[in-house]
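Participant: quick one, fold the following:
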Amino acid sequence: MLDRSRIREGHDAGEALRDTVELAREAERLGFHRFWVAEHHGVPGVAGSAPTVLAAAVAAATATIRVGTGGVMLPNHRPLVVAEQCGVLESLFPGRIDMGLGRSVGFTDGVRRALGVGRGDADDFAEQLAELLGWFRGTSPTGVHARPSEGLAVPPFVLAMGEGAEIAARAGLPMVVGDLRDRQRMLRGVERYRALFRPSGWAERPYVVISGTVAVAATAAEARRLLLPEAWAMAYARTRGTFPPLPTVEAVEGRVMTGKERELYEAGLRGHVAGTAEEVVEELAGVVKETGADEVLVTTSTHGRAALTDSYARLARAVGLSAPAAPTRPVPGGCAPGPR
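Facilitator: Numbers count the residues shown, from 1 in each chain. Coordinates of the predicted model:
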């Protein structure tokens, strides 16, 4: 499960972050394998700007579920600092931390300037990734040692589409690929990743996580209604340049939209996995069979917290999840360096 700490109309950022922590507790109770948090900067509708900080709060509030970043956007940070932060997390919560890594930079010119990055910094992702992994292995040529990270095995995952799939493959790392709305592009990315994969100390074989929005309700119509707030927020962002807090379903249904807004809004509703539990399981099973995926990463954003939790609970029951007795290893074959 991935949660972006979406802010809802009528509520503030603090509530959104506390809701994320509470949702993680529910995810653990339901038996989800991982709970990841994201990184966004300068977005009015998203409170999750510091994923390693939020991951610490989530891990402290839970006991067995794996907790990670989905992801840390590596161009925005020095690799040493990311290694240190994830090393602290792993030291505090051994065997439970995942390190999801992305290559996106800030959404607007102002955010990029504030972060001290440019659009071209994403082109250095492969080098930044190699440096980051080197801090855990103790292979930095600087003579500096990352503490407490060196020698720890914090599983890295590359959030990838297009060129990112090749980077993940050549580094021998697990890959997270999305989204479910573009199945052909997803399949091309997975095929390219498997064809180019080089075994490494982090993963002995290709390991694929497919990701997308999944909504489950008693009826297909109710599941579709869960998607309305996010679809409107996306339409708003693409016509106004800023991503707003999520409105209620009723507010979206009563809104008079311009032609352009309506076009973007309807596009935002298409391609997601939404329906009854039986319909969703059947569709996900088909995608897993087609891609050969090892895991599915699901996310849902809607205004109503009760409806959100109910969606995840219906999905958990439908796929037969049960709460684990203890933390589990992240990738078949293990992750270097050495056993836990």
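
Participant: as a check, name the ranges of all strands in the chain.
Facilitator: Along the chain, counting by DSSP state E, strands occupy 2-3, 34-37, 66-73, 97-102, 156-159, 175-177, 208-216, 273-275, 295-299.

Participant: what strands line up against the first one, and which way round?
Facilitator: Put plainly, it is strand 2-3. strand 34-37 (parallel) (DSSP bridges).

Participant: contacts for the partner strand?
Facilitator: 1-5, 20, 23-24, 27-28, 48, 51, 54-55, 58, 62, 65-71, 98, 100, 295, 297 (Cβ atoms under 8 Å, 6 or more residues apart in numbering). C-beta here means a position set from N, CA and C on the backbone, and glycine is covered the same way.

Participant: any chance of the strands of the chain in a markdown table, plus mean neighbour count and mean pLDDT?
Facilitator: Formatted as a markdown table, these follow (neighbours: other Cβ atoms under 10 Å; pLDDT from 0 to 100):
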| stretch | mean neighbour count | mean pLDDT |
| --- | --- | --- |
| strand 2-3 | 24 | 98 |
| strand 34-37 | 26 | 98 |
| strand 66-73 | 26 | 95 |
| strand 97-102 | 26 | 97 |
| strand 156-159 | 27 | 97 |
| strand 175-177 | 27 | 96 |
| strand 208-216 | 24 | 97 |
| strand 273-275 | 23 | 98 |
| strand 295-299 | 21 | 97 |
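
Participant: so which of those gets nearest residue 251?
Facilitator: Comparing the strands of the chain by their distance to residue 251 (Cβ to Cβ), the top pick is strand 208-216, with 18.1 Å.

Participant: circling back to that earlier point, make TSV out of the strands of the chain and add distance to residue 126.
Facilitator: Formatted as TSV, these follow (distance: least, Cβ to Cβ, whole Å):
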stretch	distance to residue 126
strand 2-3	24
strand 34-37	22
strand 66-73	15
strand 97-102	11
strand 156-159	10
strand 175-177	14
strand 208-216	19
strand 273-275	32
strand 295-299	23
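
Participant: out of the ones you listed, nearest to residue 247?
Facilitator: Per Cβ to Cβ, nearest to residue 247 of these: strand 208-216, 16.6 Å.

Participant: dump that closest one to CSV, restricted to CA.
Facilitator: The C-alpha trace of strand 208-216 is given here as CSV (Å, rounded to 0.1, in the frame of the first residue of the first chain):
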residue,chain,number,x,y,z
VAL,A,208,8.8,-6.7,-10.4
VAL,A,209,6.3,-4.7,-8.5
ILE,A,210,3.4,-3.3,-10.5
SER,A,211,1.6,-0.3,-9.2
GLY,A,212,-1.7,1.6,-9.7
THR,A,213,-4.9,3.0,-8.2
VAL,A,214,-7.3,0.3,-6.9
ALA,A,215,-10.7,1.0,-5.5
VAL,A,216,-13.1,-1.6,-4.1
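
Participant: check which helices and strands that strand is in contact with.
Facilitator: strand 175-177, helix 183-196, helix 220-226, strand 273-275, helix 277-291, strand 295-299, helix 305-319 (3 or more Cβ pairs under 8 Å, 6 or more residues apart in numbering; DSSP states H and E).

Participant: and the contacts of the second one?
Facilitator: I take that to be helix 183-196. Against helix 183-196 from outside (Cβ under 8 Å, 6+ apart): 160-162, 165-166, 168-170, 175, 177-180, 206, 208, 210, 287, 290-293.

Participant: how far away is the residue nearest to residue 68 when sequence neighbours are not counted from residue 8?
Facilitator: Closest residue in space to residue 68, ignoring its immediate chain neighbours: residue 98 at 2.8 Å, by Cβ to Cβ, 6 or more residues apart in numbering. Shown here: residue 98 relative to residue 8, a distance of 27 Å by Cβ to Cβ, to the nearest Å.
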